[in-house]
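Undergrad: Let me see the structure of the following:
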Amino acid sequence: MEQMYNRLINNTVADSILIVDDDPVNRKILGKLFSTFYTIIEAADGYAGMDQILDKKNQICAILLDVMMPGMNGIEVVRRLKELGLLEKIPVFLITADNSTNVMKEAYELGVMDVISKPVVSYMVVRRVRSVVELFEARKHLSSVVESQNIALLNQAQKIIQLNQGMIEALATAIEFRNEDSGGHVQRISKITRLLLENTVFGADLNYKEINNIALAAVMHDVGKITIPDAVLTKPGKLTPEEFKIIQTHTTNGVAILESIPQLRESEIYDYACDIAHHHHERWDGKGYPDKLAGDAISPWAQVVSLADVYDALSCKQVYKPAFPRKQVLEMISTGQCGLFNPRLLDSFFSVEDRIYELYQELPESQCS
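TA: Residues are numbered from 1 along each chain as shown. Have a look, this model is predicted:
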């Protein structure tokens, strides 16, 4: 985006006409006609003309090109300009005494702007060339304006995305504060999700944009906890069966909350967020909640967030338990003590667990293992 902006403000004004003709008299005549309006650049043959074009293409607003020249003739120059995509940017006028149908047909098919017959009629050639140059400059200016407007729209969209992301993270963090957490939990879940999907085969079918959306959606996985009474959410001891049923409702309540936010419904993360909030406590063997989904019926992103959530909960102090040592955490996950996970997911997880564990090194010892 910044490069696009710089290109706009640094555009060189095209104010030169290139005259390519092997006859110095013709060059002098044409140069005199246009010198009042433009800077004149001359070339004595096609090869020299191409050198000037490649060197000064941002300064040249039109090319007056003789057809019959030794070495590289005018038609050959036009063919080369077409290959380089320059005919769309610089108008080319053929100046020729050869009025044969074949020459004119090929010239127009290649994309020259006009074919002007020799001897030239001064007022006519000046009028035709200047009109086309003005048209090209107007089109170029319009393109720059449109591009500038697109940049402004992109900047505005980026600000909206950042604002929405900030609102999402603020809401999720507020929920964590109720559970005596600084909000670090939701951020770690998002980072673990991104790290695992970006660096293992489990995320191989997802592109960068999808992974980015999933990582942001993961922040909202426990949004439904805002509906859970403090007496249950922050209870230091073991939950009763009735209390556990209340805790389980945070999954379905989370979806209801997400569905009630109009701005979120229009976001690309919405479907991921709803699915993750609903199903991040499902288990591979069908013994999770709320829907008892099993195997691949659970989406890959819900599976990843589920494992990240368990790893973080085991690794950090909770109101109902201390932080477990890393070795114990990995053993509990690998042996299914916290519910079974997809074997492929576990393989991917253990392949990057060293990097995941680094996220916990900056936490106080009282909070993590």
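Undergrad: Now stretch 258-265: buried residues?
TA: Judged by neighbour count (16 or more other Cβ atoms under 10 Å), stretch 258-265 contains these buried residues: Leu258, Ile261, Leu264. Backbone N, C-alpha and C define where each C-beta goes, glycine included.
Undergrad: okay, those in TSV with pLDDT, distance to Gly49 and secondary structure next?
TA: Putting those into TSV (pLDDT from 0 to 100; distance: Cβ to Cβ, whole Å; DSSP: H, G, I helix; E, B strand; the rest coil) gives the following:
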residue	pLDDT	distance to Gly49	secondary structure
Leu258	87	64	helix
Ile261	79	63	coil
Leu264	78	59	helix
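Undergrad: nearest to Thr335, of those?
TA: Nearest to Thr335 out of the buried residues of stretch 258-265 is Leu258 (Cβ to Cβ; 33.6 Å).
Undergrad: Surely that closest one is in contact with Asp271?
TA: No - under the contact definition of Cβ atoms under 8 Å, Leu258 does not touch Asp271, with a separation of 9.9 Å.
Undergrad: right, and out of the buried residues of stretch 258-265, which lies closest to Glu134?
TA: Out of these, the member with the shortest distance to Glu134 (by Cβ to Cβ) is Leu264, at 49.7 Å.
Undergrad: if I look at the closest residue to the closest one other than its chain neighbours, how far off is Leu258?
TA: In space, and not counting its chain neighbours, Leu264 is closest to Tyr270: 5.5 Å by Cβ to Cβ, 6 or more residues apart in numbering. The span separating Tyr270 from Leu258 equals 7 Å under the rule Cβ to Cβ, to the nearest Å.
Undergrad: Can you pull the residues that touch both of the two?
TA: Residues touching both Tyr270 and Leu258 by Cβ atoms under 8 Å, 6 or more residues apart in numbering: Leu264.
Undergrad: on that earlier part again, which pLDDT does the model give the residue nearest to Leu264?
TA: The model reports Tyr270 with a pLDDT of 90.
Undergrad: Please verify my assumption that it contacts Val255.
TA: No - using Cβ under 8 Å, Tyr270 and Val255 do not qualify as a contacting pair, with a distance of 10.7 Å.
Undergrad: Per the annotation, how does this protein divide into domains?
TA: As recorded under automatic domain parsing, the domains making up the chain are 2-150, 179-360.
Undergrad: what's the spacing between the last one and its chain's center?
TA: The chain centre lies 27 Å from the centre of domain 179-360; the measure is Cα atoms, centre = their mean, to the nearest Å.
Undergrad: a strand runs through His93, doesn't it?
TA: Let me fix one detail, which is that residue 93 is Phe and not His. Yes - Phe93 sits within a strand when classified using DSSP: H, G, I helix; E, B strand; the rest coil.
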